[in-house]
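S.K.: Please work out how this folds:
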Amino acid sequence: MTRVVDALHCEVDGVASVVYPDVTGPVEEDDDVLVNVQARELGLGSGGFDIVYANLTRGLGLDPEKSAHVMALPYAPGQWAVRHAEEDDRGADTLDGLPVVLCTVHSQVAPAWAALRGLRVAYVQVAGGALPLELSDTVRALELAARISVAPCFGGDARCVSIASGLLLAAARAQVAICSVGPGIVGTASRFGHGAVSLADAANVTTALGGVPVLAARVSDADERERHRGTSHHTQAVLDLCLGEVAVSRPDDGEGWREACHGLPLAHMGRGPDEEPSHFAAAYAAGRLAAERVR
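M.R.: The predicted structure is shown next:
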């Protein structure tokens, strides 16, 4: 039994599920659907729900997007043709000093944005966590000049093939960019086997195109894992792979973050601002560093 909650959410046999209509087609009441249950059954922190994999009632004959010839999730079972931004709008020629806040975990996005209020902010999502941009409650809650997904991520106002194209598009639409992995970062407890490494790529592209990379340090007061307590090893891993100068935030420079973030969704690994004050302070400080560099 399928029950529709809204355009993004449904229940299948009473279990909360997420549906991406551009992949499966829209879901309606009592549709027959296939769901992927693995993340929920594994008890992943960001996977307390099922994912609709296919709509057997109305989603098997979806037409490709008009004029599209680039495949999203190419050669995977769920591939579909979608128009990419580069085919219509190549963005700016250079970043020309655009500050880019690099968030290695999605929980940094809201506090970084809070420090940029009043500016035109673009959000650029890269691989390393969830691929669908629409999954993020945070991104849906923020006022943004553009929401850009970089393949293999999908969704948003524009889909780009590469980080370079995504950032150049951001430069054409905004004064500053926040670049982040989606919710649910991938991790293996190894030095480089985690989603944060994508932000090293973004930092190097930012530098090469004339932008200003600002890394939001991942800091924790409460993480039980030694590698993430204090400044996370993810932060150092990103810096080890950066080829140019990168500004790095510090919690001590995040004064005023609580007031600025009031009303925003704040949670890091299931912990709130009272448990992780340094984490949110450091992310807010990254936004402040970027704001100081806006031309």
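
S.K.: tell me which residues in stretch 281-295 are buried?
M.R.: Residues of stretch 281-295 classed as buried by neighbour count (16 or more other C-beta atoms under 10 Å): 281-291, 293. (Glycine included, C-beta is placed from N, CA and C.)

S.K.: same check, this time on stretch 189-198
M.R.: Buried, per 16+ other C-beta under 10 Å, within stretch 189-198: 194-198.

S.K.: Identify, from the buried residues of stretch 281-295, the entry nearest to residue 174.
M.R.: Closest approach to residue 174 among these (C-beta to C-beta): residue 290, at 11.3 Å.

S.K.: that older thread, now intersect the buried residues of stretch 281-295 with the strands, please.
M.R.: Among the buried residues of stretch 281-295, no residue falls in strands (DSSP state E).

S.K.: Reformat the buried residues of stretch 189-198 as JSON lines; add secondary structure and pLDDT.
M.R.: Output for the buried residues of stretch 189-198, formatted as JSON lines (DSSP: H, G, I helix; E, B strand; the rest coil; pLDDT from 0 to 100):
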{"residue": "194", "secondary structure": "strand", "pLDDT": "94"}
{"residue": "195", "secondary structure": "coil", "pLDDT": "94"}
{"residue": "196", "secondary structure": "coil", "pLDDT": "95"}
{"residue": "197", "secondary structure": "helix", "pLDDT": "96"}
{"residue": "198", "secondary structure": "helix", "pLDDT": "97"}
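
S.K.: can you give me the helices in the stretch 1-150 of the chain?
M.R.: All helices of the stretch 1-150 of the chain, identified by DSSP state H, counting those that start in this stretch, fall at 21-24, 38-42, 109-114, 137-141.

S.K.: for the shortest one, packing partners?
M.R.: Going back to what we said before, that points to helix 21-24. Where contact means 3 or more C-beta pairs under 8 Å, 6 or more residues apart in numbering; DSSP states H and E, helix 21-24 is packed against strand 50-55, strand 80-82.

S.K.: Just say which of the ones you listed is most tucked in.
M.R.: strand 50-55 (a mean of 21; mean count of other C-beta atoms under 10 Å).

S.K.: Can I get that strand as CSV, trimmed to CA atoms?
M.R.: Below are the C-alpha coordinates for strand 50-55, written out as CSV (Å, rounded to 0.1, in the frame of the first residue of the first chain):
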residue,chain,number,x,y,z
ASP,A,50,13.5,3.5,2.2
ILE,A,51,14.1,4.8,-1.3
VAL,A,52,11.6,4.2,-4.1
TYR,A,53,13.6,2.4,-6.8
ALA,A,54,10.9,2.2,-9.5
ASN,A,55,7.2,2.9,-10.0
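
S.K.: Could you measure from the residue nearest to residue 158 when sequence neighbours are not counted over to residue 152?
M.R.: Nearest non-adjacent residue to residue 158, counting by C-beta to C-beta, 6 or more residues apart in numbering: residue 85, 4.0 Å away. Plainly put, residue 85 is 15 Å away from residue 152 if you go by C-beta to C-beta, to the nearest Å.
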